[in-house]
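Q: Sequence and predicted structure, then a few things I'm wondering about:
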Amino acid sequence: MCGRYNVVSDAAALRAAYSMLEILEDEIGEELTANYNCAPTDSLPIIRHRPGRDAAVLESAHWGLVPFWARDRKSAARMINARAESLGERRAFRDSAERRRCLVPATGWYEWRKEGSVRQPCVFESRGVMTFAGLWAWNSSLRLVSYTIVTVAANSVVEPWHDRMPAMLGEHELTGWLDPDATLADVMPLLKPYEGNDLSARRVSRRVGDVRQNDAGLLREDGDEDGRARPQMLPL
């Protein structure tokens, strides 16, 4: 499950993070600002191949997949995630998994667990920008590009907080996931629990549960709002 994440890189930093993609058109411009609390139905950056275009495009899209046959956006909030194990089975995801895959940039994502009487959030972070495997759809009647984040079983870092995690792609896997000529069978080996040793978890402010809150203080544990002491890493 990934129901909340952050993208705190500015437009220039995000472009630099994907400089390994030889052809990258940018339609974000300088409009991208730090978002500490990305929520379902928000408009957020993705990278995708458009039909008939050789270049990958960095642009904004609606988080929550709205299939081409949908008459409205009501289903979007229920389709923010797609389980890797059933991509080829669910009608809503099957076509996108075969032909419309995207990259979802992030700098961290949030999960919660009960600690005593408190529902405590934490943020999972890596080195700089991380990339989630995503699927996109185009709804012509709504004139809407939307996307979902693919999830896999949790690794040992995430499992104490949740049994699912976003499918994270390594730098050498980005082109393969985006390749419009690759089939779902070709890219399925990329969908696995993250194996890197650079993923960390730390407690953050409980304010992150309120979608109206969006500031750097969300990344500090409650009681540390002055920022003088960085929250300690959580034990595995």
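A: Structure's in. What do you need? Residues are numbered from 1 along each chain as shown.
Q: Give me the buried positions along the helix or strand of the chain with the lowest mean pLDDT.
A: The helix or strand of the chain with the poorest confidence is strand 24-26; it has a mean of 75 (mean pLDDT, DSSP states H and E). Buried residues in strand 24-26, counted by 16 or more other Cβ atoms under 10 Å: D26. The way it works is simple: take the backbone N, C-alpha and C, and place the C-beta from them, glycine included.
Q: could we number from 374 for the rest of this?
A: New numbering, starting at 374: the last item is strand 397-399.
Q: List the buried residues in the lengthiest helix in the chain.
A: Secondary structure of the chain per DSSP state H: the longest helix is helix 464-472. Within helix 464-472, the residues scored as buried using 16+ other Cβ under 10 Å are 465-467, 469-472.
Q: Show the subsequent helix or strand relative to it.
A: Counting by DSSP states H and E, the next helix or strand C-terminal to helix 464-472 is strand 474-479.
Q: that older thread, let me know the closest of the buried residues of helix 464-472 to D427.
A: The nearest member of the buried residues of helix 464-472 to D427, counting by Cβ to Cβ, is R472 at 16.0 Å.
Q: And the strands in this protein?
A: Residue ranges of the strands in the chain, as given by DSSP state E, are 378-380, 397-399, 408-411, 416-422, 429-436, 454-456, 474-479, 481-488, 491-498, 503-512, 517-526, 537-539, 573-576.
Q: Would you convert the ones you listed into CSV that also reports distance to R585?
A: Below are the strands of the chain laid out as CSV (distance: least, Cβ to Cβ, whole Å):
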stretch, distance to R585
strand 378-380, 15
strand 397-399, 30
strand 408-411, 8
strand 416-422, 16
strand 429-436, 17
strand 454-456, 22
strand 474-479, 20
strand 481-488, 15
strand 491-498, 15
strand 503-512, 24
strand 517-526, 22
strand 537-539, 24
strand 573-576, 21
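Q: from memory S499 sits against L572, does it?
A: Yes: between S499 and L572 there is a contact at 5.3 Å, judged by Cβ atoms under 8 Å.
Q: any low-confidence regions in this protein?
A: Applying pLDDT under 70 to the chain picks out residues 374, 396, 402-403, 596-609.
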